[in-house]
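A.B. asks: Here's my sequence, what's the structure:
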Amino acid sequence: MAVEELQCIIKRCQILEEHDFKEEDFGLFQLAGQRCIEDGHINQLLEIIQDEKNKTVIKSMGWNLVGPVVRCLLRGREEDKREECFLIFDLLVKLCNPKELLLGLLELIEEPSGKQISQIILLLLQPLQTVIQKLPNNKAYSVGLALSTLWSQLSLLPVPHSEEQIQADDYGLCQCCKALIEFTKPFVEEVISDKENKENAKLKDELLKFCFKSLKCPLLTAQFPEQSEEVRNDPFRCFASEIITSGFGFLSKIGHPVPQIILNHGRKKRIWDYLEFEEEEDKQLADSVASLTYLVFVQGIGIDQLPMVLRERWWCKKAQDYNSISRRRPDPDPCT
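C.D. replies: You can find the predicted model right below:
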C-alpha cells in the first residue's frame, strides 16, 4: 500500500541528518507520495505531512509532491479531495525548502500549453509570491526568473480584441494580467522602500524589464475601447494604467518617469544604470517604447505626467477630434 510505503521511507529518514538523505530516498518518497494521491489516500497523506515528527523530512523532500498535488487540483474531480489537496499544497509551501519549491513551481508553469497556461498560472501565482518572499538571498534573480517564465508563457496566449472576446476571456489572459499586478506589488514596494540597497537596485531592473516586456506583449497589440463604460472595465487599459500611472505605477515610482523614457529613447546617452538592461534596450525595447508612446499620447494614460506644453497639445488634439466628429453628425430632424 502506498501510504505504508511512504511511512516506511519517512521512518527510515527520521533518524538521518538532512545531508545524509540519498537520491534514492528522494525518488522513493516522490513515487510513494504520488501513488497516495493517485489512489485517493489524500487524507492519510495530509496527516503524514501534518505530523510534527516528519517536519525535517517534509522540509527536504516535500517539494517533490508539489507537482502531483497541483495536477490533482487541476483535475478537480472530487470536491472533498480538492479541499484536502489545497491544505497539502499550503503546508508544502509553508514547510519546504523555498529554493527547491521555486524551481518546482516554475517547472510546473512551463509545462502546459493552450488554455491550461492561464489555469496553472492563476493557481500558482500566490504560492510563488510567498516562496520568493521566504528566500534568504538572491531575491532579485528569483523575481527575474519568475517574471521571465510567466511572461514567456503568457506571450503564447492569443490577445482578445473584440468586447465579446474580452468578456469571454477563453484563454484567461485578462485574468492573468490582473493577477500579475497583485503578484508584483510587494516587490515594487520593497524597491521603493529602500532604493539605495544594492539588491533592491537589481530587483528594480528585473521589474523594469518586465514592465517593458508587458508593454510589448500584450499591450502593443491590444485593442482599447472608445465607449466610456467599456473603458472603465477594459482589463488591458487597467493593466496599462497600473504599470504607468496608478497603484503599481512602477515606471514613475522607481525614478524612470514616462517623459524621461519617451524623450530619451534613441539618444546616445543611456538612462539605465544596469549594463545588462542597456544591452536588452538595444535589442528589444523599440516596440515597448512605441507601445508606451501610443498609450500616453493616443489613449491618454499617464498624460498628466508629461510637461504642460505636451499636455495642452494633447487636450487640444482631443478637442479637435471631438469637434470634427460633432460636425459630421447630421442635424436633428426638427419634425421629430
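
A.B. asks: On the three-state scheme, Lys195 is what?
C.D. replies: coil (DSSP: H, G, I helix; E, B strand; the rest coil).

A.B. asks: separation between it and Arg75?
C.D. replies: 45 Å (CB to CB, to the nearest Å). Any C-beta I mention is one placed from the backbone N, CA and C, and that applies to glycine too.

A.B. asks: number of nearby residues for the nearest residue to Leu156 once chain neighbours are set aside?
C.D. replies: Once flanking residues are discounted, Leu156 sits nearest to Ile117: 6.5 Å by CB to CB, 6 or more residues apart in numbering. The number of residues packed near Ile117 is 23, by other CB atoms under 10 Å.

A.B. asks: Over to the one 3 residues further on?
C.D. replies: The criterion is other CB under 10 Å. On that basis, Ile120 has 21 neighbouring residues.

A.B. asks: List the contacts of it.
C.D. replies: Residues in contact with Ile120, defined by CB atoms under 8 Å, 6 or more residues apart in numbering, are 70, 74, 108-109, 111-112.

A.B. asks: Kindly recompute the last result at 7 Å.
C.D. replies: Counting by CB atoms under 7 Å, 6 or more residues apart in numbering, Ile120 makes contact with 74, 108-109, 112.

A.B. asks: element containing the residue nearest to the spatial centre of the chain, please.
C.D. replies: Centroid-nearest residue in the chain: Leu180, 3.6 Å away (criterion: CA atoms, centre = their mean). With secondary structure defined by DSSP states H and E, Leu180 is part of helix 173-193.

A.B. asks: distance between the next helix or strand after that helix and the chain's centre?
C.D. replies: As assigned by DSSP H and E, the chain's next helix or strand after helix 173-193 is helix 198-216. Averaging C-alpha positions (CA atoms, centre = their mean, to the nearest Å) puts helix 198-216 13 Å from its chain's average.

A.B. asks: Met86 in helix, strand or coil?
C.D. replies: Actually, residue 86 is Phe. It isn't Met. Judged by three-state DSSP, the three-state class of Phe86 is helix.

A.B. asks: Please give me every residue in contact with the residue nearest to it when sequence neighbours are not counted.
C.D. replies: Among residues not flanking Phe86 along the chain, Leu73 sits closest, at 6.9 Å (CB to CB, 6+ apart). Neighbouring residues of Leu73 by CB under 7 Å, 6+ apart: 82, 85-86, 89, 123.
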